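[1] Okay, predicted coordinates and the sequence, questions at the end:
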Amino acid sequence: MEELSLVSFFSEDIEFELSKEEVAVRWVQNTIENEGKKTGEINYIFCSDEYLHKINLEHLQHDTYTDIITFNYCEEKLVSADIFISIDRVKENAKTFQTSFQNELNRVIIHGVLHLVGYDDKSTSDKELMRTKEDFYLSLQAE
């Protein structure tokens, strides 16, 4: 009997489908387990800049564009969330940072997970640790 995945991918207001969903699901689950947590229900919602900007305004009162907004529903060791990712912003950031779209998307996907398991990026040292963790988990991401 196949196990029902708790990690799901959707798109809202854009046409986007994640390639190799099963690989991404295992990668996210392995990251969570490696950090000593359990995978709950995690929904990734891919959307446009405008859609995410609207969420940022309505829910966080931030009038800025961003690549990711994570709604954390974690309880103790169970990691659950809705994670909204702007595909427009990921494309722009990939150009800015001179990396592939897929690499930047993977970085954003795992960045959201790292926030959920307890990492922050407010201070310089926190940002450095977050980047180190991102790089580590990116290196484990199977193609």
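    Perfect, I can see it now. Since the structure is predicted, the reported quantities are computational estimates derived from the model, not experimental observations. Numbering: from 1, shown residues only.
[2] Phi, psi for Val7 please.
    Note on Val7: its backbone torsions stand at phi -100, psi 120 [degrees, to the nearest 10].
[3] any idea how far Ile32 is from it?
    Remark: distance between Val7 and Ile32 (Cβ to Cβ, to the nearest Å) = 9 Å. C-beta coordinates here come from the backbone N, C-alpha and C atoms, glycine included.
[4] Please enumerate the shared neighbours of those two.
    Residues touching both Val7 and Ile32 by Cβ atoms under 8 Å, 6 or more residues apart in numbering: Thr39.
[5] May I have the distance across stretch 113-126, first residue to last?
    15 Å (Cα to Cα, to the nearest Å).
[6] now stretch 60-71
    One end of stretch 60-71 sits 10 Å from the other (Cα to Cα).
[7] next one: that stretch to chain centre, how far?
    Chain-centre distance of stretch 60-71: 13 Å, with Cα atoms, centre = their mean, to the nearest Å.
[8] ditto for stretch 71-89
    7 Å.
[9] Contacts made by it with the rest, please.
    Applying Cβ under 8 Å, 6+ apart, the contact partners of stretch 71-89 are 12, 14, 16, 32, 36-49, 51-52, 55, 59, 65-70, 105, 108-109, 112-113, 115-117.
[10] how about that stretch: buried residues?
    For stretch 71-89, burial by neighbour count (16 or more other Cβ atoms under 10 Å) applies to 74, 79-89.
[11] again, but for stretch 57-67
    For stretch 57-67, burial by neighbour count (16+ other Cβ under 10 Å) applies to 66-67.
[12] what's it in contact with?
    By Cβ under 8 Å, 6+ apart, the list of residues contacting stretch 57-67 from outside reads 49, 52-53, 56, 69, 71, 85-86, 89-90, 93, 108.
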